[in-house]
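Colleague: what's the 3D shape of this:
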Amino acid sequence: MRRTSFSVILLCILKCIGFVLAICTVGKHEGGPADRLQCSNVTLQTISNQTTNISALLVFNSNLRYITQRAFAKYARHLHSLNIYNCHVHDIHADAFDALSSLKKLSLPSNNITQMKEAWFKDLVYLEQLDLSFNQIEKIEPAVFDRLPLLKRLDIRENRLTCLDPLALPGGIDKLYFSGNPLTFKCRGKLTLWMRDHGVSYKTEENEKQAWLDKLLWLCAIGDANVAKSEVLMRECVILNLFNQLRTGLSTAESYPLTTDCATERDRLTNCIITEAQAFRSITNGNVIKKLLFYIRQAKSNF
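Modeller: This next block holds a predicted model:
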């Protein structure tokens with residue numbers, strides 16, 4: 001009997017706590033003609049019960065998972081900014097943003113979205129900023145950006161994209177943030193070179209650290225059209241350039257003079273690797289350097 005009473009009391013306490021944490025507040029929004037609505041620990045039903053005179057809507061720390069059809073149509077008249085942050089969103093109905101033709105900023109960061117679908121953006125013709133950072137996006141449907149002709153800023157940091165075609169981006173885009181994606185060397189070189197030539201900013205703290213890589217990728221791509229078309233050749237070209245820089249540094253550094261004996265042994269090892277590579281018909285400079293670094297690592301681990 002006591003156990004049953006305790007369970008009932010515990011459930012009541014949890015329900016009360018949940019009710020307290022489900023909070024929506026309304027304040028002034030400087031960027032629009034109406035108010036700003038901010039909600040946490042809510043459902044879409046709770047959001048739809050709020051006042052309609054809203055320019056900006058922020059929903060965070062909730063368990064929405066799926067954004068339903070016309071979920072925010074009630075606010076279509078004035079809504080300029082929609083931010084759904086850390087709400088476990090996994091999928092979105094094709095008509096979820098239906099009628100939001102005045103929306104200029106859409107943010108869906110820190111959710112569980114795995115792909116960007118064209119249908120989501122069919123009514124967002126005036127969208128200028130799109131933030132999909134810190135999701136799990138692996139795919140962007142080809143015609144997504146055809147729906148967003150006025151897009152100026154795109155943030156897709158920390159996703160799972162291996163490539164992003166710059167030719168698919170809107171012509172007016174001026175800021176693109178993509179760090180934290182496993183882009184291939186071939187794709188990254190093409191993308192960053194295009195952005196440099198078109199004046200598109202992509203500088204973040206992480207990208208600054210990788211500026212050396214972008215410069216090498218540009219050199220490799222510009223130097224040989226065949227290299228620019230092959231991921232394998234791009235990787236080998238980067239490795240070769242790094243090795244040449246290392247060799248130049250070692251041969252010119254006063255603190256590390258290269259002795260005659262060391263140079264001889266290096267040449268013998270290199271010739272050995274070249275001979276082995278020829279046997280497998282894989283003789284390229286990049287491949288030779290990869291094998292050289294592999295053998296050096298093996299030798300070091302045996303000490």
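
Colleague: does residue 222 count as helix, strand or coil?
Modeller: Of the three states, residue 222 takes helix under DSSP: H, G, I helix; E, B strand; the rest coil.

Colleague: ok, now how distant is it from residue 184?
Modeller: When C-beta to C-beta, to the nearest Å is applied, the distance between residue 222 and residue 184 equals 18 Å. Just so you know, the C-beta spots here come from the backbone N, C-alpha and C atoms, and that holds for glycine as well.

Colleague: what's the answer for residue 40, then?
Modeller: Between residue 40 and residue 184 the distance is 39 Å, computed by C-beta to C-beta.

Colleague: With neighbour numbers in mind, choose between those two.
Modeller: Neighbours of residue 40 and residue 184, each counted by other C-beta atoms under 10 Å, are more numerous for residue 40; the result is 17 against 14.

Colleague: ok, what's across the strand from that one?
Modeller: According to DSSP bridges, residue 23, residue 60 are recorded as the beta-bridge partners of residue 40.

Colleague: Quick check, it in contact with residue 64.
Modeller: No - between residue 40 and residue 64 there is no contact under C-beta atoms under 8 Å: 11.6 Å.

Colleague: Residues in contact with whichever strand or helix holds residue 58: which ones?
Modeller: Residue 58 belongs to strand 54-60 when elements are defined using DSSP states H and E. Outside strand 54-60, the residues that touch it by C-beta atoms under 8 Å, 6 or more residues apart in numbering are 26, 29, 31-40, 42, 47, 72, 75, 78-87.

Colleague: Does anything pack onto the next helix or strand along the chain from it? Which helices or strands?
Modeller: For strand 54-60, the following helix or strand on the C-terminal side (DSSP H and E) is strand 66-67. In terms of contact count using 3 or more C-beta pairs under 8 Å, 6 or more residues apart in numbering; DSSP states H and E, strand 66-67 is assigned the packing partners strand 91-92.

Colleague: The helix or strand following the strand it packs on pairs with which strands, and in what direction?
Modeller: Per DSSP H and E, the first helix or strand lying C-terminal to strand 91-92 is strand 105-107. Strand 105-107 pairs in its sheet with strand 81-85 (parallel), strand 129-131 (parallel), by DSSP bridges.

Colleague: Figure out which of those strands is closest to residue 247.
Modeller: Of all those, the one in closest proximity to residue 247, counting by C-beta to C-beta, is strand 129-131 (43.6 Å).

Colleague: which secondary structure elements does whatever helix or strand comes next after that closest one contact?
Modeller: Using DSSP H and E, the next helix or strand after strand 129-131 towards the C-terminus is strand 139-140. Using 3+ C-beta pairs under 8 Å, 6+ apart as the contact test, the elements touching strand 139-140 are strand 115-116.
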